[in-house]
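**Student:** Sequence and predicted model, in that order:
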Amino acid sequence: MSHVNLSSRLVPLLTSSSAVMASSLKKILKEQLKNSEGIRGFFVAYLTGEGEDIRVPNILEEAIMECENVEELIELSIMNVIMPTAQACHFSLSLNPETEELEGNATMMKSSLLTAEKGVKV
């Protein structure tokens, strides 16, 4: 199973209230965050997932704080803010100067900004 597929199954579980499930989930998250492929896969699923809630679940915060691969996690986290911010800037260039409305890229710009905002919180 790819890291993105696994992560897309993990993300909905992040808000689980079960202590037993939280303990198991934390172990899986820490394992996922041990290498760049796992980190990238997780962030793809988490940052671009459904919903606009940007609060970082406690279980994710704990797993990140205990991450063994902290240097790579930080590097990829920074890129997960920079890249969607750059995309949002690119989409904003489609602004019509006369109407000050985005021409076709408003949804993509909003999505990129939300991804960047989630990335900042992480």
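**Tutor:** Here it is on my side, so go on. Residues are numbered from 1 along each chain as shown.
**Student:** Find the residue at the geometric middle of the protein.
**Tutor:** Nearest to the mean C-alpha position of the chain, by Cα atoms, centre = their mean, lies Leu47 at 2.2 Å.
**Student:** Quick one: residues contacting that one.
**Tutor:** Taking Cβ atoms under 8 Å, 6 or more residues apart in numbering as the contact definition, Leu47 lies against 80, 84, 115, 118-119, 122. Heads up, the C-betas are built off the backbone N, CA and C, glycines and all.
**Student:** What is the burial count for the closest residue to Pro57 other than its chain neighbours?
**Tutor:** When the adjacent residues along the chain are set aside, Pro57 lies closest to Leu14, with 4.1 Å between them (Cβ to Cβ, 6 or more residues apart in numbering). A total of 18 residues lie near Leu14 under the criterion other Cβ atoms under 10 Å.
**Student:** now Ser36
**Tutor:** Counted with other Cβ under 10 Å, residues neighbouring Ser36 total 14.
**Student:** what's the nearest residue to it if we skip its chain neighbours?
**Tutor:** Distances taken as Cβ to Cβ, 6+ apart place Glu72 nearest to Ser36, at 5.5 Å, with adjacent residues excluded.
**Student:** sorry, back to before: mind checking which of the contacts of Leu47 are in helices?
**Tutor:** Using DSSP state H, the members of the contacts of Leu47 that fall within helices are 80, 84, 115, 118-119.
**Student:** any low-confidence regions in this structure?
**Tutor:** For the chain, the stretches flagged by pLDDT under 70 are 1, 17, 94-97, 99-104.
**Student:** Which residue ranges of the protein form helices?
**Tutor:** For the chain, the helices defined by DSSP H occupy 3-10, 19-32, 36-47, 58-65, 70-92, 106-121.
**Student:** what sits up against the first one?
**Tutor:** I take that to be helix 3-10. Identification of contacts with helix 3-10 by Cβ under 8 Å, 6+ apart yields 25, 28-29, 32, 37-38, 40-42, 44-46, 49.
**Student:** Check the offset of that helix from the chain's centre.
**Tutor:** Averaging C-alpha coordinates over helix 3-10 and over its chain gives two centres that are 12 Å apart (Cα atoms, centre = their mean, to the nearest Å).
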